[in-house]
Each structure stands twice: as structure tokens, then as C-alpha cells.
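**Q** let's see this in three dimensions:
(chains A and B)
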Amino acid sequence: MANNNLMVGLEIGTSKICVVVGESRPDGTLKILGVGQAPSRGVRKGEIVDFETAMKCVHEAVVDAEQKSDVMIKSVYVAVAGSHLHSFNNRGCVMLPEDRDEIDEQDVEDVKINAREVSIPAQNAFLHSVIQHYQVDGQQGVLNPAGMLGQKLEADFHIIHGVRTRIQNTIRCVKELPLDVEDVVFSGLASAQVVLTQHEKDLGALVIDIGGGTTDYVLYSEGAVRQSGCLAVGGDHITNDISMGLRIPMARAEKIKTEEGSCVLGNCLPGEMILLKDDSGFAGKEIERETLNTIIHLRLREAFELLKRRLEEESYLGYLGAGIFITGGCSLLSGIDHLAADIFEIPANLTHAQAAWGVTSAVENPQFSTAIGLVKFAQVMHTERPPRGFSRILGKLFSGKR
Amino acid sequence: MIQLNKNYSLPERLAEFIPIKIVSVGGAGLNALDRIVLDGLETADVVAINTDVHSLTSSVATRKVQLGRSVSRGLGAGGDPDVGYQAALESADEIREALADARVIFICAGLGGGTGSGAAPYIAQAAREAGALVIAFVTLPFGFEGKRRNAQAREALARFSEFAHAVVCFENDRMGDLTSPQAGIHQAFAMADMIISQSVRATVNLIQRPGLIRIGFDDLLAALRTRNSRCVFGYGESDSDNRAHEALTQALKNPLMDRGRMLADAIHVLVQIAGGPGMTLSEVEILMQELGRHVSDQTQILFGTVVDTRLGDRLSVTIISSLSAEEDASLLQTPPAPSGASAVSPVRERYEAATPEPEIQTEEPIVEVTTLEEMIPFEEPVATEAAPVATPPSTEPHVIPTRNGEPEPPMSTPQEKAVARKEEKGLAEKSATPAKQEVLQFEPVTRGRFEKSEPTIIEGEDLDVPTYLRKKIRVK
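**A** Got it, this is the predicted structure:
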């Protein structure tokens, strides 16, 4: 890309492929220049199962984005999801040599490497290691230890890893087009970049991005990522349940889910029916609204309960000052915020990308949170990377941002 | 339940043959009768009755009765109900003879003319006295035929509704809706004949077809037995892909139905759905649900289905209901009776003396009254037809009850699988536990869209299987 300020996010989702072209403004804001999308095929639960088909769809979406934004796309940030992604928190530690007590940047780098020196399964690769905070001689909550005095530097990192080959599949799919992959980002982390403000991260917030094939979640507390993960249950499952439960084709089920579905029970008149018009190959049918809602409700309730059990393994759920933020395509289902609030017993909000402006229709659509988040992520990386001299100041900003 | 078993013990029971006669009176009646015979109806005797010899000879009916040989001398009644009535009186014996030995008598007549208005009510009376269920299909003249004719027709209709158990009344004016404005008058009349023909045939079929869920004589009586005995009728037939919907739409389009609005305050609605062996439960379900929107909650729906191979791919719907009193009042308001009034009164008195109403009820051989509640068990097992393992739709009904009580096949297998998976996982975790014998599964679990993807197994549950199945929550 000729302009260094242009960044492109690519999300290969289960239901759609989405490309967002954004421009980083000198004032630090992010402008969305164009959004390209294409229906996704060959992707299940966030992972590519049919390489050729998925590639075609990605190409379609990229071309669409190029036309809409009038930008030639050469390299992209790619989001990854899938049930193979796991995360944990780890602490790295370095002791300074006896003759020196000022922590320098090399020590900070060392501690990062040290923190990564944990055993993850052989076939897995690190996706992210996000700094939570440093400790200098037991002093908690240090954001930037470089320049401080101390003997022992510790760092808490949140590490996200996944199966190497599966991540590579996604990368390869993009590279074959051919496009350069600047970085791969866990899609939940990407969404969180634009859904949450810094203030909300500090207060403590849980982002739940319910997409077509997966439900990604990231929990922030005291401004740092504490828990994250991916549940391979999404909107597709709801559609599949509806299709099986009401015995209607998938396409019909998808339509009725988005048009009529709700996960609130007891909110409709007894015996209220929805008429499905007849179509070629499908005799018309009437279905009870309560049945439809029950199917949706049960699935989402289960997903939320699973999520709650996972998050309860650590004690951060009690520290969510800002509450729960639901985004992704499934957040368009009516009543989903109430259901989440009911299960987690924490206020839940529906949200979409906040920290961007430009094509407002895209920004305000929760389906694009991840892709816009990628651009935001890219912006942060860009500002952090280039001139070495700046990195100390901006690195602090960056680590805070995450 | 005992009653139900009794039903099953007689699975081969064909509906006992009910002798039916179709009697047409007057010129319009004869036209309708010709139509009925030409459309094909093997199971009923047809009798043509008229004063006009000319039209009688050209009729295709097998049995013909000429009225009033001396009164009208083989000519028509000249549009005078008095003449028609006198002619009927003269030939009373012949009429009785022709009507004998029938359990159900349909009378078709065009009201307004001489024979139709004058003789037909008398024939209805004779039929009732003979102990038959009398159902009249009558037409009211077009508005343009003059006020006099219309007045005669309404007078006759009033008498009809006293003698007949049910009167299905077609207003020719409303027939206009069925034909295009450009269509010739022939077509308009032909349409009237056709609708009468359809109605009669449908009703005959309704009584005589042995049904999966049978509609009996008793049901028909229940649907038709009202104080004023005017009824609403609709019949529709379709063989398209969406035949259930179309047949019902067509039935509701019947001019008598007023697009289903007439059903709104009916007390009983009798519905029979007939189709070839290919008729599915879902079609019946769709149809009944759609119909359900047109009737009120208090309405009792007498429901029957019939599988009739002769229908082939077609599916037909017959709806019969009686009109509420208020609706009727407007139609029956007879203007001050003209000349015919004096001639009519003796008939009425004589009839009142006869009081055949209770007779009819007691005379009926006792047919089990099948209420809706008893029918429900029928439906549940039939629901299994939708499942791949289930019996084909044409299976005799007596096979089905054996499945009753079992859960539905599509429900049970995924649950078993989910349980089995749990076991598998449990085994993997605790290798110390002695190996259990795996249960071989006959059917792979359907995971729908996720068939080819890696299963999502969390906490021992396969999340790709719909939640409601795993939690064993029954959804309709």
C-alpha cells in the first residue's frame, strides 16, 4: 500500500467475509473508507473447511472492498477464530544483574520472552501475548518499567495460542490470492478494540462477539485482558436448530431467525403463528412463534451458561464495572441482551464499533465489529512500530490499549 | 379409551352404504341434476321431477316423475307457485314412491319459478315424512329477474327451511363474482349449476367415503342442525404443489362463504379433507391451521380425512357449517306474501302436526359420536409419518396405534447419541473403569449443517445437536 496510513482488516467469517479499509488520521482517529463483503461458503465454525470455495469468496469480498474504497489492497490484517484457540495467563520473571538496578528495554523484552516460555502443545503456536502489567520488586500495576529502578522484573501476560496448521490455513487462503498478511489477530480481541473504550476496559468489561459460527469472548479488568476464548457455537447453530425443530430448509430457518426470531420467552400471544409463504420446493407452513423463540432461547441460554462456567474458573466476573458488551451478527436477535443480563446477572449492552468514523452504516452494524477492530488493531500496531525513538512512549500507549 | 379400541377392532369397516337420492325439481333443478350426473356420481340415485315433459325427456336422470298431468298438461307451471303446488299435490303418490327407501335425500331446485317454488317445498315435506335426512340445494333468482320472482323465491325458501334439515342456498347474484363480467349469461348459469353439482357431490362423498377419520351421518347432522337450517358450504380442490393452501382458498372463495367471513360465528364447522395416497399429515395440518383462523375459539370443528385413490394427486376440502340466526334473518325477511300465501298455509299446518323432528333422531341407527378429543390420538401416531422410519402414509389406520406412546423417532436417536458420547468421554478420562460394551448405533445422528465439520464437544455434550433435543424439551 502506497499510503502508510491505510490499513485493511479481513475477517473470514462463517456467514460472511468482510473486508474493511480504514485510514489512520494524523489526530489518531480512524476513518473507514469502505467495506467490502461477500457471503461466505466453505467456512464452518470460523474455520475454513473448503479451501477453494473460501478463497473465491475472499477474493470476491476483497474486490468489493477495493471498488467501494477505491484503494488497491495489497496487505491485510486477518482475524482468526475457532475452537482450537486457547488462552491462559502467565507470569515471566527476570532478575537484574547485581551491578545494575535500572531496568532497560532489553529487560522488558527479556521478560516477555520469559513469559512465553511455557509449554503449549507441540502443534500449537502463539497468537498473542498481551501484557497485563509489570511488577517491579513486587510493586503491582506498573505499566512501563523501563527506566525504573529495581532488581526483579516480573510481567503478567495473557497468552492466546492455537493450532499452528489451522492458523496457517487461514493465512494461506489469503496469501494465495495473493495478498500479504501483516498479522493474524484473534477475532474477539479485534472486536474488543473498537467496542470498548479505554475507560470501559479499566472498569472491567466482557465482550461477547456472537458471530455465525463462533462466539468469541474477551474479558478486561483493570485495563488488561484477563480471559479470552472462543466457543464454537454461533448463529449457525441457532439456524440449524430452527431448521431441524421446525423441519424447514436452512435458508428458510435463517430468514425466519433474522426476521422474526427472538430469545425472549412468553412475550407473544398464545397460539401466535408465523406464516411461511410457499415457495418453489417448499410448501407453505405456519409455525408457532413461541416454538421458534423457545428453540432460539434454549440454544443461547446454553451458550451463555457454558460461557459463564468457563469464565467462573477465574474470579474476574465479579469485577465487571462496565458490564457485558454483546456484538456480532447474532446480537441483532431481539432480547439477547436481556437473556445475557439474566444469566450473568450483570448488565448487558448491545454494541457496535465505537472508535471509528466514516461509513456509518458499517460502523453501526455489529456484524462488522471484528473487521473494523482489525483496522483499529492495525492502527495501534502501526503507531507503535515505525520510528524506534517513539516506541517507548507509544509502546506504553499500546500496552495500555490492549 | 375402550371406545377407541372398539373402533380399531373394526378397521376394515367401510362406511355402511347409505342410500342416497338426489331429487331435482323444476327447470333449474334439472339443469343442475344433468350437471351432477355428467360430472359423475355413481353412488346415488337421481330422480328428476318437473311439470314440463319436454325438459324431463331431455334429462339424463334415470328416474323421472311428471307432476300434475291434469293441472299443467305436460307444460311448465308458468312461473306460478300455485300451479306448481297443485301439480305436486296431484302427483303426491308418485312422489312418495320415488322418494322411498332413501336415508338421505338431496333436493335441488331453482327457486322463483312455478315448479321450483311451488312443488319443491312439498317434495321436501314428503321426503321428510318418509324419514330421510333432507338437504336442499336451492338457488335464488338474479336480482334482475324481477321483484315478484324474488318474493316467490324467498317465500319458498322460508318453507324449505322448515321442512328440510338443511338448506344450502345459492344466490345467483353472488355467482356473478365467479364469472368474469364479460362472460355470457350461459356461463353464469352454468357456473351456478356447477357449484350446485360440486356441493351435492362433495356432500355425498362426505357421507359415503370411508375415512381415516370418518365423518359420519351424525357429524353431518350436528353441523347442519340449527333452528333455521340455512347453511354455508364451501368446496375446493387442487393438485398443485401447494394444494392444501389452494384447495382451502378455493373452498373459502365459494360465494356462500364470503371469503371465510361467514364462518366467524358458526357453532359447528364440518371439514373433510380428501386426497390420494400421497396426502401428507403436514398438508392436513397446514390446512386446518389456516382454517382455524377463520373460525372462533368456541366453534366445534368436526374433522374428517379420507384417503381415496380415485383422487390421485388432487386434494379436496369440503366445509359445511350452519349459519347463525342473525345472519340468516336478513335473508329470510319475506316481503308481504303475494298470491301464493293462501295456498301455502295448509301445507304448513299439516306439517306442524306431523312433527318429525324427534323421529329422525331416534330412527338413526346409532353411529358413534366421534368427538374431537377422541380423534386426537389418531393424529399423534400419524405424525410419525414425517420421519424417515415411519410407515408410508397409506398404511391402514389400525397399524398405527401400536406406536402410540412411543416417543417420536427423530427425537430419540440424537438423545441416545448424546448420552453415548458422554459415556465415551467418561471412558476416555477414566481409563481405570472397566470397559463397557459400546452400543452400536443404527442411525447416525443428524447434525444438519455441521455434518462435515469437527464436532463441538464441550462438557461431554455435542453442541451441534440442537439444544432442545439434548435437554429433551419437546417443541411442537
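
**Q** and chain A, which of its residues are near chain B?
**A** Residues of chain A lying close to chain B by Cβ under 8 Å from any Cβ of the partner chain are A:44-45, A:47, A:49, A:83, A:231-233, A:236-237, A:239-241, A:243-245, A:247, A:250, A:273, A:278, A:280, A:283-286, A:288, A:291, A:294-295, A:298-299, A:301-302, A:306, A:309. Heads up, the C-betas are built off the backbone N, CA and C, glycines and all.

**Q** measure A:Phe282 to B:Phe233 for me?
**A** 31 Å (Cβ to Cβ, to the nearest Å).

**Q** who has more neighbours, those two?
**A** B:Phe233 (28 against 15; other Cβ atoms under 10 Å in any protein chain shown).

**Q** quick one on the thing from earlier: inside helices: which ones of the residues of chain A next to chain B?
**A** Here DSSP state H is the test, and the residues of chain A next to chain B give A:236-237, A:239-241, A:243-245, A:250, A:291, A:294-295, A:298-299, A:301-302, A:306, A:309 as lying in helices.

**Q** report the buried members of these.
**A** Buried subset of those (neighbour count, 16 or more other Cβ atoms under 10 Å in any protein chain shown): A:236-237, A:239-241, A:243-245, A:291, A:294-295, A:298-299, A:301-302, A:306.

**Q** now stretch A:282-289: average pLDDT?
**A** Across stretch A:282-289, pLDDT averages out at 83.

**Q** what are the C-alpha coordinates of that stretch, in CSV please?
**A** C-alpha atoms of stretch A:282-289 as CSV (Å, rounded to 0.1, in the frame of the first residue of the first chain):
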residue,chain,number,x,y,z
PHE,A,282,-41.3,-25.7,-0.2
ALA,A,283,-45.0,-25.9,0.8
GLY,A,284,-46.1,-23.0,2.9
LYS,A,285,-46.1,-23.6,6.6
GLU,A,286,-47.3,-22.0,9.7
ILE,A,287,-45.2,-22.1,12.8
GLU,A,288,-45.9,-21.1,16.3
ARG,A,289,-43.9,-18.1,17.4
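
**Q** for that stretch, buried residues please.
**A** Result for stretch A:282-289 [16+ other Cβ under 10 Å]: buried residues A:Ala283, A:Gly284, A:Lys285, A:Ile287, A:Glu288, A:Arg289.

**Q** what's in contact with it?
**A** Contact partners of stretch A:282-289, identified using Cβ atoms under 8 Å, 6 or more residues apart in numbering or on different chains, comprise A:246, A:248-249, A:252, A:256, A:260, A:268-269, A:271-278, B:241-242, B:244-245, B:282-283, B:286, B:289-290, B:476.

**Q** one more: stretch A:111-126?
**A** A:86, A:88, A:90-94, A:129, A:131, A:134, A:153-157, A:159-165, A:167.

**Q** what are the ranges of the helices in the stretch 1-150 of chain A?
**A** Remark: helices assigned in the stretch 1-150 of chain A by DSSP state H, counting those that start in this stretch are A:51-69, A:105-116.

**Q** buried ones only from the contacts of stretch A:282-289, please, as a ChimeraX command.
**A** Entered in ChimeraX, the line below selects the buried ones among those, by 16+ other Cβ under 10 Å:
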select /A:246,248,252,256,260,268,273,274,276,278 /B:242,244,245,283,286,289,290
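
**Q** domains of the chain?
**A** Here I'm looking at chain A. Here the domain assignment for chain A is A:87-161, A:201-351, based on automatic domain parsing.

**Q** my question was about chain B, not that one.
**A** Taken from automatic domain parsing, chain B resolves into B:2-372, B:409-470.

**Q** mean pLDDT lowest where, among the ones you listed?
**A** Lowest mean pLDDT within the domains of chain B: domain B:409-470, at a mean of 60.

**Q** quick one on the thing from earlier: can you list the helices of the stretch 1-150 of chain A in TSV and add mean neighbour count?
**A** Formatted as TSV, the helices of the stretch 1-150 of chain A follow (neighbours: other Cβ atoms under 10 Å in any protein chain shown):
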stretch	mean neighbour count
helix A:51-69	19
helix A:105-116	17
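
**Q** quick one on the thing from earlier: report the two of the buried ones among the ones in helices among the residues of chain A next to chain B separated the most.
**A** A:Thr291 and A:Leu306 (23.2 Å; Cβ to Cβ).

**Q** residue contacts, the closest residue to chain A within the stretch 251-400 of chain B?
**A** Scanning the stretch 251-400 of chain B for the residue nearest chain A gives B:Gln289, at 4.8 Å (criterion: Cβ to the nearest Cβ). B:Gln289 is in contact with A:Met273, A:Glu286, counting by Cβ under 8 Å, 6+ apart.

**Q** A:Gly266: neighbouring residues, count only.
**A** A:Gly266: 9 neighbours (other Cβ under 10 Å).

**Q** cool, B:Leu89 as well?
**A** 17.

**Q** then B:Ala98?
**A** 24.

**Q** hmm, it is touching B:Ala48, no?
**A** No: B:Ala98 is beyond contact range of B:Ala48, at 9.5 Å (criterion: Cβ atoms under 8 Å).

**Q** so what sits against both of these two?
**A** Common neighbours of B:Ala98 and B:Ala48 (Cβ under 8 Å, 6+ apart) are B:Val23, B:Arg63, B:Val65.
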